[in-house]
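*Asks:* Okay, sequence plus prediction incoming.
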Amino acid sequence: MKNRDLFSSLFWLTFGILFASGGLQHGLMEPEGVPGRGALPFIAGVFAIILSLLVLIPALKRKDKGHSEGHKVFFPERNGLKRLLIAIGLLAFYGFFLKTLGYPLTTFLFLVGALKLIEPQEWKTTAIFSLLTTTISFAIFKVLHVNLPIGILGF
């Protein structure tokens, strides 16, 4: 387990450093005071660095117990493979229908599917969370003047 954590965290640390440095090269801000082309890659790189360090530091501190514990199952939970396939299916749905149905409807349906099929939640919680997340993200993208697929809803 320690080796997997080390290798994966080093991979994401490298990925984060490359993304953050690429973002800096493209510029974080435009002269008009809006985020530049490099802002999003820089932020993503910083997050990748932070998250990789959260895995790397404990992995360096603990001793490797993987050999003494015996063989570990790849999907420790009984329905892990099923949940993974559902997530892949939902992502395929999102990518396939984004232009046709538009950002708001596709995002809402994706979140409902994720909350009901992957980690089942109550309908009330699912509906409220999906609606709020879709509305807030849509509003943020509109404020940033990001062109989103309109789809059948017309907005």
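*Replies:* It's in.

*Asks:* just checking, what's the longest helix in the chain?
*Replies:* Longest helix in the chain, counting residues (DSSP state H): helix 2-26.

*Asks:* elements contacting that one?
*Replies:* helix 39-61 (3 or more C-beta pairs under 8 Å, 6 or more residues apart in numbering; DSSP states H and E). (C-beta placed from N, C-alpha, C; glycine too.)

*Asks:* model confidence over the longest helix of the chain, on average?
*Replies:* For helix 2-26, the mean per-residue pLDDT is 88.

*Asks:* Same check on stretch 131-142?
*Replies:* 93.

*Asks:* what's that stretch in contact with?
*Replies:* With C-beta atoms under 8 Å, 6 or more residues apart in numbering as the test, stretch 131-142 has contacts from Tyr103, Pro104, Thr107, Phe108, Leu111, Leu148.

*Asks:* Just the CA coordinates for stretch 28-42, please, in CSV.
*Replies:* Only the C-alpha atoms of stretch 28-42 are listed here, as CSV (Å, rounded to 0.1, in the frame of the first residue of the first chain):
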residue,chain,number,x,y,z
LEU,A,28,-2.7,34.5,-14.4
MET,A,29,-4.4,37.8,-15.1
GLU,A,30,-5.3,39.8,-18.2
PRO,A,31,-4.8,43.6,-18.3
GLU,A,32,-8.5,44.1,-17.9
GLY,A,33,-8.4,42.5,-14.5
VAL,A,34,-10.0,39.2,-15.5
PRO,A,35,-8.4,35.8,-15.1
GLY,A,36,-6.0,35.0,-17.8
ARG,A,37,-5.5,31.8,-19.8
GLY,A,38,-3.2,30.4,-17.2
ALA,A,39,-5.4,30.9,-14.1
LEU,A,40,-7.3,27.7,-14.3
PRO,A,41,-4.3,25.5,-15.0
PHE,A,42,-2.4,27.2,-12.2
